[in-house]
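> no sequence for this one, just the structure:
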Ligand code: F6P
């Protein structure tokens, strides 16, 4: 199947995508609708034969069987011997879900109610700090214990009617200092979010936040809550059990915002809107499980991804939300996609014979247009672009802004498709009075090759439900790509070596620490940093 796809690529490499639009039905065939989302991939160089081959690939790679295994609680995270059931966290009105013969749904729903009752108490002022009603919440976590809520809270700002929510993740004291500088410890609630409750950055930040609070609050632990799978560690930190929100090891860190890790989102927007977010995720789960492969949105996204990266050899993909509030979506997706699928070894532990996991990057439009779009339009390398846009903004009084935003989004994808040829550029420059060599040189600068692929994910308005759909869509895309490539998308061994070395280096950067056992390149920089520190 891979060979067939490669030969289809050879045939189509020089084909103009625009010619595919000779088929008047192209936009209908190369698009998928699921509840409130519409995904258009007509502006890619995928034709009907290629699409059939891609779907056949998904079929041969047993995507449907592995999907069933995931949803039914089988331990598809083989290297960690764990089930992968973040979908259970949004299974609001679904049936039982079994792990090792036990239905996990009663526990999931009970924890959701525990979160809702705590969130309501904080939001309506029954839970207070030393200084009265909680005005600010600080989520301390990193990676999967930060990025989901840090992306979702600004995304859902129009729904936020609770305390202000802040995020501290980096071990760089600047993150902690700048955030806490704006806050009153007596009216601040701190959530320590860590699946393991051992992550160095989070534990250090939590301790420093505790010390900060102790200066003004007699019982700081009373204004701390914990979100973790490690109950012994949360108790050792001094957080009482009634404010510990637990989850299980079958929820991966970067898939965890649907449960207690999402508590900061719930505090901001309230339990009802948070449940709408879960319902959006659940709707995408249903679509993913029920729609045929040929008309399945996560499968379509994954197949476009495989086509562009594995077959066409495009090394990166840009995520371009025309939605300022999705400003952290690219960062969120970097962890979701690159920590899940940035691997070189198959599930069986064998070296893979092709690259896996494109580099994911991006920035909201229209800002990106005035920054890196130059390369996207005229650079030598092709960057497949994934646009996201809503038909409406929340600011009805600023509808003109939203129309401008929409027009810009559609203009960019059209410019990538159509480009501008040399003759047109020459005519433009001639009309401006250029002649001869100057006309030629100036025309060349204004040529756009076009034929650059993009997709568009469109929705009516960014609501909690729609955000839930979008995030579940990307989660399942990762799963489908990982399954086709034969990798385990749910472990992350690649983050371990750096952590180990940082531990080893910690004593060396102390005042009297020895550099004797360090690699000479590292020893040189440690010595230089110490000299600069002491200068
Ligand atoms: O360093 C990577 C990682 O293990 C992520 O997978 C995880 O989301 C993050 O660290 C935080 O881990 P924890 O929630 O255990 O603090």
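Yes, it's here. Everything numeric in this text was worked out from a predicted model, so none of it was measured. Numbers count the residues shown, from 1 in each chain.

> Which positions in the stretch 401-535 of the chain make contact with the ligand?
492, 495 (C-beta under 6 Å from any ligand atom). No exception for glycine: its C-beta is placed from N, CA and C like everyone else's.

> Now the stretch 401-535 of the chain against the ligand: closest residue?
In the stretch 401-535 of the chain, the residue that lies nearest the ligand is residue 495 (3.9 Å; C-beta to the nearest ligand atom).

> and the closest residue to that residue other than its chain neighbours, what is it in contact with?
In this structure, residue 495 finds its nearest non-sequential neighbour in residue 339, 7.2 Å apart by C-beta to C-beta, 6 or more residues apart in numbering. The contact partners of residue 339, by C-beta atoms under 8 Å, 6 or more residues apart in numbering, come to 143, 254, 492, 494-495.

> Can you tell me which of those residues lies closest to residue 175?
Of all those, residue 175 sits closest to residue 143, with 14.1 Å by C-beta to C-beta.

> Could I get the pLDDT score of the closest one?
At residue 143, the pLDDT value in this model is 98.

> Relative to residue 112, how far out is it?
23 Å (C-beta to C-beta, to the nearest Å).

> more crowded one of those two?
residue 112 (23 against 20; other C-beta atoms under 10 Å).

> Now do the phi/psi pair for that one.
Reported as degrees, to the nearest 10, the phi and psi values for residue 112 are phi -60, psi -40.

> and the gap between it and the ligand?
For residue 112, the distance to the ligand (C-beta to the nearest ligand atom, to the nearest Å) stands at 19 Å.

> before we move on, what about residue 82?
13 Å.

> what's the burial count for that residue?
The tally of other residues near residue 82 (other C-beta under 10 Å) stands at 18.

> Just confirm it contacts residue 74, I think it does.
No - the pair residue 82 / residue 74 is not scored as a contact, 10.3 Å apart, by C-beta atoms under 8 Å.

> ok so, going back, what is the neighbour count of the residue of the stretch 401-535 of the chain closest to the ligand?
Counted with other C-beta under 10 Å, residue 495 comes out at 10.

> give the contact list for residue 345.
351-352, 487.

> List, one by one, the residues from this structure near the ligand.
Residues of the chain lying near the ligand (C-beta under 6 Å from any ligand atom): 142-145, 194-196, 199, 202, 253-254, 339, 492, 495.

> picking up where we left off before, my reading is that the residue of the stretch 401-535 of the chain closest to the ligand is in a helix; is that accurate?
Yes - counting by DSSP: H, G, I helix; E, B strand; the rest coil, residue 495 is part of a helix.

> what does the model give it for pLDDT?
pLDDT, read off for residue 495, is 94.

> picking up where we left off before, for the residue nearest to residue 495, which three-state class applies?
On the basis of three-state DSSP, residue 339 is classed as helix.

> Setting aside sequence neighbours, what's the nearest residue to the one residue in the stretch 251-400 of the chain that gets nearest to the ligand?
In the stretch 251-400 of the chain, no residue comes nearer to the ligand than residue 253, which is 2.8 Å away by C-beta to the nearest ligand atom. Spatial nearest neighbour of residue 253, excluding adjacent residues (C-beta to C-beta, 6+ apart): residue 144 at 2.9 Å.

> can you confirm the one you found is in a strand?
No - read with three-state DSSP, residue 144 is helix and lies in no strand.

> ok, of the residues of the chain next to the ligand, which one's closest to residue 402?
Nearest to residue 402 among those, with distances taken as C-beta to C-beta, is residue 254, at 31.0 Å.

> where does the stretch 201-350 of the chain dip in pLDDT?
For the stretch 201-350 of the chain, applying pLDDT under 70 flags no range at all.

> any idea of the pLDDT on residue 91?
pLDDT at residue 91 comes out at 97.

> list the contacts for it?
97, 105, 108, 282, 285.

> first to last residue in stretch 358-377, what's the distance?
19 Å (C-alpha to C-alpha, to the nearest Å).

> closest to residue 3 among the residues of the chain next to the ligand?
Scanning the residues of the chain next to the ligand for proximity to residue 3, where the rule is C-beta to C-beta, the winner is residue 339, at 30.3 Å.

> thinking again about what came up before, any figure for the gap between the residue nearest to residue 495 and residue 180?
The gap separating residue 339 from residue 180 is 28 Å, by C-beta to C-beta.

> how far away is residue 114 from residue 66?
Residue 114 is 32 Å from residue 66, by C-beta to C-beta.

> same deal with residue 342?
20 Å.

> burial measure for the residue nearest to residue 253, as a count.
Other residues within reach of residue 144 by the criterion other C-beta under 10 Å amount to 24.

> going forward, begin numbering at 47 instead of 1
All right, first residue 47 from here; so that's residue 190.

> you'd agree it is up against residue 293?
No - counting by C-beta under 8 Å, residue 190 stays clear of residue 293, with 11.4 Å between them.

> what touches both of the two?
Common neighbours of residue 190 and residue 293 (C-beta under 8 Å, 6+ apart) are 241, 302, 307.

> pretty sure the last one contacts residue 191?
Read it as residue 307. Yes - counting by C-beta under 8 Å, residue 307 does reach residue 191; the two are 5.7 Å apart.

> Now do the shared contacts for those two.
239, 241, 273.

> ok, longest helix in the chain?
Secondary structure of the chain per DSSP state H: the longest helix is helix 510-531.

> Mind giving me the packing neighbours of that one?
Helices and strands touching helix 510-531, by 3 or more C-beta pairs under 8 Å, 6 or more residues apart in numbering; DSSP states H and E, are strand 83-86, helix 94-106, helix 109-117, helix 193-201, helix 317-336, helix 343-352, helix 386-387, strand 500-505.

> Report the distance from that helix to the chain centre.
9 Å (C-alpha atoms, centre = their mean, to the nearest Å).

> now swap in stretch 280-290 and tell me
Per C-alpha atoms, centre = their mean, the centroid offset for stretch 280-290 relative to its chain is 29 Å.

> Check whether residue 426 sits in a helix, strand or coil.
coil.

> so what's residue 424 up against?
So residue 424 contacts 493-495 (C-beta under 8 Å, 6+ apart).

> typed the wrong thing, it's residue 86
Here residue 86 is in contact with 73, 76-77, 501-504 (C-beta under 8 Å, 6+ apart).

> partner residues bridging it?
Beta-bridge pairing for residue 86 (DSSP bridges): residue 77, residue 502.

> what's the answer for residue 237, then?
residue 185, residue 271.

> my read: it touches residue 307, true?
No - using C-beta under 8 Å, residue 237 is not in contact with residue 307; the gap is 9.2 Å.

> Among those two, which residue is more densely surrounded?
Using other C-beta under 10 Å as the criterion, residue 237 and residue 307 rank with residue 307 on top: 30 against 26.

> Looks to me like the more buried one is in a strand.
No - applying three-state DSSP, one finds residue 307 to be helix, outside a strand.

> where's it relative to residue 520, distance?
For residue 307, the distance to residue 520 - C-beta to C-beta - is 17 Å.

> Fine, thanks again, bye for now.
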